[in-house]
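[1] Give the three-dimensional model of this entry:
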Amino acid sequence: MVATNHQTYVYIGLGGEGDYIGEGGLVRRADGEEEWSDISKGLPDNPQVRALAIRPDDPKVLFAGTDKGVFRSDDRGETWDALSDSPDGHEVWSLTIHPDDPNVIYAGYEPCSISRSEDGGKTWNMMDTSQVVYPHITTYMPPTGKRVIGIAFDPSDTKDIYAAVEVGGLLASRDGGNTWLSVIDGPYIKNNTLDLHHVQVSAAAPGTVHIATQTALFLSRDKGARWEHVQVDEMFPGGSYCRDLLVAPDDPKTIYLAAGAGGGAAPPDTVQEGALFRSRDAGETYERLNLGETVPGRMMAIAIDSAAPDHIYCAAYSGEVYSSTDGGGSWSKSKTPAESSRSLHVYPMVCG
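    Below is the predicted model of the structure:
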């Protein structure tokens, strides 16, 4: 049961990529507050915040992954400390905390690499990705840069960890993250199904891996050996831009998908639109939730407060944030303060 005085804080990272880099930033808003607060002070100048993680046993502790490495705050973003997580030139694109030990944190980077801390971020070691071989089509069709954009544990066996690579397929570790291999390949004429945006594994279906790609949603029932296309409403001819996946913290059979129209695989004249989908059967089928309006940008991120799992949030590329405190029955809307653009838009979101 949630304490009556519980207040959820929501955090959103802002940034760009490639040739499109703006001022970046990190904003915060608590339940009951009207405005979003900028909490970028203490991060690098113009921080490109593309990854966030919140410590589940102490939600005041927040980790931000930036173009200059990982930073930690112990006071909900009021102050920040730089962590020595990687060599120079590694930009952070994903952060994940071990489901059984909150002191163990994984960070994923561009160029493709993964590091681990086992002491809450004080010290880090790079993991072995030397055996990774990307699907051939992703090595010559632009973009050819590889970034680890999502990392997920199998809760039923935490030695099995998966890493989604944008335009690079899926990696897996079978030894708790020490070594990594590519686990998806095949005959392709386009690279959009290998343009991964996230990965999740639910305790309700051990060994079943769910991946969100540029054009569709897929699942594997055998740890990545074979794949099935999961049908969701097409938001443009031939598919949907699938961006984020999240298993509900209180019900492993419930999975949320952030999707949209637009993005790399969509026709050039596609009108941008976002959507939130929900599965009640561990990812077999999905229904589209009514957020009260047509979302004007691709849906980018989902967050659920593990201490108050009826508090659900989703955020669009263009800065609209939709909030529900009744498990998705009704929604309210706010907007991040910065004017969104290709150089400055929503990336990650966490809450707690």
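[2] ok, which stretches of the stretch 51-200 of the chain are strands?
    Assigned by DSSP state E, counting those that start in this stretch, the stretch 51-200 of the chain shows strands spanning 51-54, 62-66, 69-73, 81-82, 91-97, 105-110, 113-117, 125-126, 147-153, 161-166, 169-173, 181-182, 196-201.
[3] Give the other helices and strands that the lengthiest strand in the chain contacts.
    With residue count as the measure and DSSP state E as the assignment, the chain has strand 308-316 as its longest strand. In terms of contacts (3 or more Cβ pairs under 8 Å, 6 or more residues apart in numbering; DSSP states H and E), strand 308-316 is packed against strand 255-261, strand 299-305, strand 320-324, strand 345-351. Yep, even glycine has a C-beta here, placed from its N, CA and C like the rest.
[4] Let me have the strands of the stretch 51-200 of the chain in TSV, extended by distance to Asp281.
    Formatted as TSV, these follow (distance: least, Cβ to Cβ, whole Å):
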stretch	distance to Asp281
strand 51-54	28
strand 62-66	32
strand 69-73	36
strand 81-82	42
strand 91-97	25
strand 105-110	29
strand 113-117	31
strand 125-126	39
strand 147-153	19
strand 161-166	21
strand 169-173	23
strand 181-182	29
strand 196-201	15
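[5] Generate JSON lines for those, with mean neighbour count and mean pLDDT as supplementary columns.
    Output for the strands of the stretch 51-200 of the chain, formatted as JSON lines (neighbours: other Cβ atoms under 10 Å; pLDDT from 0 to 100):
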{"stretch": "strand 51-54", "mean neighbour count": "25", "mean pLDDT": "98"}
{"stretch": "strand 62-66", "mean neighbour count": "27", "mean pLDDT": "98"}
{"stretch": "strand 69-73", "mean neighbour count": "23", "mean pLDDT": "98"}
{"stretch": "strand 81-82", "mean neighbour count": "13", "mean pLDDT": "98"}
{"stretch": "strand 91-97", "mean neighbour count": "24", "mean pLDDT": "98"}
{"stretch": "strand 105-110", "mean neighbour count": "26", "mean pLDDT": "98"}
{"stretch": "strand 113-117", "mean neighbour count": "22", "mean pLDDT": "98"}
{"stretch": "strand 125-126", "mean neighbour count": "13", "mean pLDDT": "97"}
{"stretch": "strand 147-153", "mean neighbour count": "25", "mean pLDDT": "98"}
{"stretch": "strand 161-166", "mean neighbour count": "28", "mean pLDDT": "98"}
{"stretch": "strand 169-173", "mean neighbour count": "24", "mean pLDDT": "98"}
{"stretch": "strand 181-182", "mean neighbour count": "18", "mean pLDDT": "98"}
{"stretch": "strand 196-201", "mean neighbour count": "24", "mean pLDDT": "98"}
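[6] how about these, which one is nearest Arg288?
    Taking Cβ to Cβ, strand 196-201 is the member of these nearest to Arg288, at 18.2 Å.
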